[in-house]
Each structure stands twice: as structure tokens, then as C-alpha cells.
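Trainee: Let's see this in three dimensions:
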Amino acid sequence: MTRKARFLLLVSLLLTLAAGCARTSRQSVSDSAATADSLAAFRADSLEKEKSLRRTADSLTRSLTLEQRAAMVLMPAVYTRTDAATMALLRSYVHERHTGGVILLRGDTLSARVIADSIARWRGREFFIAIDAEWGLGMRLTDATSYPDNRTIGLNSSPEAVRKYGREVGRQCRRLGINMLLGPVADIVPDSLRDSSYIGRRSFGSDPARVAELVCAYSRGAAEAGVLTVVKHFPGHGGVAADSHKTLPSLRKPLRQLTAEDLRPFRRYIDLGGRAVMIGHISVPAVDPQLRSAASSPAVIGDLLRDDMHFSGLILTDALNMGGAADIDPAEAIAAGADMILAPADTPAAIRRITDAVLSGELPEERLNESVTRIFLQLLRQG
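Mentor: Okay, here's the model as predicted:
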């Protein structure tokens, strides 16, 4: 081949390569544009769906009487059994009084399924059936599976393994008709309190970053199974030794330390889209100098959790039948910003108290309506 022919061949190859690159570039631009269009369409569809759900939730709230709205913010506890007395009590909560959910206590899996089926007949799917299952359903149901405690899991497990664990517990819950897990525990237990903290082995550990990672992994797994997790006990119960079932502990840390340690797992959960937080029965002087239980403190719920941490999801109190909640008025907790009251000591009395507080102007009706709408919205999201 002559020098001229080789030169012409080289020019031809370069022109062909340039044309191919141009086509690839145009295709890449076209693909990127299509991807951007698809993402924009997805966001628009998601936004419209959320608006539709909110309209439905508002409509459902407006359809209820004041007494029914007062009951919707309550979640009484019942034993997981099917004797006549328990089923009659359950029916009175669910069908007659219109509570927003129930918490299942000790029992067995067959009874849990029967209860869930009965509730579906009485109320449909717009109802929370919750359970504590910090080491699996075996924590409450005698014939269900139990797993290692969170301290053991925190020492030895990867986030992916914890995600699969959360998904499996969620799957077991859904099989029984349970749609809410009261956990995971997001409390930080410092090494100095490892053996004396009330939270103890229920915590994933002492490292805030590690606890945050595992809390979010577990919650993602449960969400994949269609179950709502409620991280607890905001703003952090691990740094005290006292048991809030018996008394009101006080977490005496400066706000800077509280933010860097105890609040970190909750903030991470919220930033990743977490939708439910349980408020503990613990006073936090750095946030509320009046030493009120966090579960009835506007400073903790409104200023810290809602405003500073930008949480727009569901806020539940810890059980009101605990010693640390002895002075809490259910209407006061709702006025402070809580959406649901767990295990009131007397459910009919709590309904009357909230109703009377609205009628007297002590509890703004709009504040109650906000909570009921938020409850319906979360139920609708779960489907």
C-alpha cells in the first residue's frame, strides 16, 4: 500500500471514529434526558399520590364524631388470647369506641391471627395492630421465634444482616396481621452503664454511629415487609439507670452532648424517611427545665422533635400505665404534640378526658384533628 493510500485509510478511520463518538454522545444525552424525564414524572406521580392520600385522610377525619376522634388517638393494650372476655373488650375498643389501634401483650400466634381477622371484619384495614418484638415475636407470643438480644446483634452483625433480620420479623408480623412494630430501640447505652442501665441489652450498643446504622437497617427491612417501625425511646433512655416503668428518670446531659450522642440514631432515622417515633417517660433538663416527662413536653415534642429535627411523622407516647407516666394527662400529651397515647390506664376515661378538653377549649380541636389525620395518612400509606 502506498503512503498516500495509508494516509487516506487513516483519515477514513478517524472520521468513522469521530462519527461514532458523536452518535454515542448524542445517545448519552438522549438517555440522560429520558432518565431525567422519567424521574420528574415519578416525582410528580408520587407527589400527586401523596396529595390524594392527604385529602382522603382529611375526609376520614371529618367523618368522625368528636368522641371517635378522641378514641382514634388511643392505643389500648390487650392480651393476645381469644377467650370471651378478651374478645368482648377488644370489640368494645375497636368497633364501639373506635380506638386507632391496639397493642398485643402476651399470648400465642393463633390468637394473634384470630384477633387480626376479627378487627378486619369490624373495622377494615384502617387500624394499627402493634406489638413489642425487640428480640422477635417470641418476646410476646409463646410459640413464635425469638432472636438474640440487640447488644449481641450490635456486636456481631452487619447492617445487611440486620436489614434481613428486620425484614424477616416484619414478614412474620404481616403473616399474623400485625402492621406496627414498637421498636427498634435507638437508645445509646454508654459502657459505664452497660450492666446497670434499665435499657441494657435492649440497645445495639454505645457507639451512636453504629446504633444509628443498625436502627435504620432494621427499619428498612421491616418496611420492605410492609410493617411500620416505631423507634424508641426519644430523646434517649440509655444514659440513665432508672426504670421508667417505676419512676421518671432524668437524663442530665448538656444539649451539645445529647445532640452528638443520644439524638443521633433518631436524627438518622428521620433523615432517611422514618415515619414513627416513640417518646419515652424521661425528663431532659437541657430541653425542658420544667422536668416534665418527654411524652407530655411541648419543648421535647414540638421544639426539639418537630421544629429542630423536622420530623413530620407519627409521634407515640410510651405506655401511660407506667410509673414514669403517673402524672401524665392524655389530653396534655396530645396538646403537647403527641399523636397517639399507648396503653392508657383507663381507655373510656381517657376518651372522656380528651373530649372534655376539646369542648372546654383546653385542647384545640385542630390539634386533635392534626393527629387523627396523621394516623389515617400513615394507615393509608401502608395500604
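Trainee: Ile375 and Ala260, how far apart?
Mentor: 33 Å (CB to CB, to the nearest Å). For every residue, glycine as well, the C-beta is placed using N, CA and C.
Trainee: Between these two, tell me which one has more neighbours.
Mentor: Ile375 (26 against 12; other CB atoms under 10 Å).
Trainee: Can you list the residue ranges for helices in this protein?
Mentor: For the chain, helices defined by DSSP state H occupy the ranges 3-62, 66-72, 84-91, 109-123, 150-156, 159-176, 208-224, 255-260, 264-271, 298, 330-336, 347-360, 365-382.
Trainee: Comparing those by mean pLDDT, which bottoms out?
Mentor: For these, the weakest mean pLDDT is recorded on helix 3-62, namely a mean of 61.
Trainee: Need the helices of the chain in JSON lines (columns: distance to Ile103).
Mentor: Below are these laid out as JSON lines (distance: least, CB to CB, whole Å):
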{"stretch": "helix 3-62", "distance to Ile103": "22"}
{"stretch": "helix 66-72", "distance to Ile103": "15"}
{"stretch": "helix 84-91", "distance to Ile103": "11"}
{"stretch": "helix 109-123", "distance to Ile103": "11"}
{"stretch": "helix 150-156", "distance to Ile103": "20"}
{"stretch": "helix 159-176", "distance to Ile103": "13"}
{"stretch": "helix 208-224", "distance to Ile103": "17"}
{"stretch": "helix 255-260", "distance to Ile103": "28"}
{"stretch": "helix 264-271", "distance to Ile103": "21"}
{"stretch": "helix 298", "distance to Ile103": "25"}
{"stretch": "helix 330-336", "distance to Ile103": "15"}
{"stretch": "helix 347-360", "distance to Ile103": "12"}
{"stretch": "helix 365-382", "distance to Ile103": "15"}
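Trainee: can you tell me which of those helices comes nearest to Met139?
Mentor: Met139 lies closest to helix 159-176 among those, at 10.2 Å (CB to CB).
Trainee: Go ahead and measure how far that closest one is from the middle of the chain.
Mentor: On the basis of CA atoms, centre = their mean, to the nearest Å, helix 159-176 sits 15 Å off its chain's mean C-alpha point.
Trainee: buried stuff in stretch 91-106?
Mentor: 93-94, 97-104 (16 or more other CB atoms under 10 Å).
Trainee: From the residues you listed, which land in strands?
Mentor: Counting by DSSP state E, the buried residues of stretch 91-106 place 101-104 in strands.
Trainee: how near is the closest residue in space to Gly166 that isn't next to it in sequence to Arg267?
Mentor: Once flanking residues are discounted, Gly166 sits nearest to Gly221: 2.9 Å by CB to CB, 6 or more residues apart in numbering. Look at Gly221 and Arg267: by CB to CB, they are 20 Å apart.
Trainee: Please apply the same query to Met72.
Mentor: In terms of CB to CB, Met72 sits 29 Å off from Arg267.
Trainee: Ser244 contacts His237, correct?
Mentor: Yes - shown here, Ser244 and His237 form a contact pair, counting by CB atoms under 8 Å, at 6.8 Å.
Trainee: what do these two both touch?
Mentor: 198, 280, 282 (CB atoms under 8 Å, 6 or more residues apart in numbering).
Trainee: Enumerate every residue touching the second one.
Mentor: With contact set as CB under 8 Å, 6+ apart, Gly280 has these partners: 232-237, 244, 294-295, 318.
Trainee: Return the member of these nearest to Ala209.
Mentor: Distance to Ala209 across those (CB to CB) is lowest for Gly236, with 14.6 Å.
Trainee: What's the separation between that closest one and Leu263?
Mentor: 7 Å.
Trainee: Overlap in contacts, the two.
Mentor: Joint contacts of Gly236 and Leu263 (CB under 8 Å, 6+ apart) do not exist.
Trainee: And the pLDDT for Phe234?
Mentor: For Phe234, the predicted pLDDT is 98.
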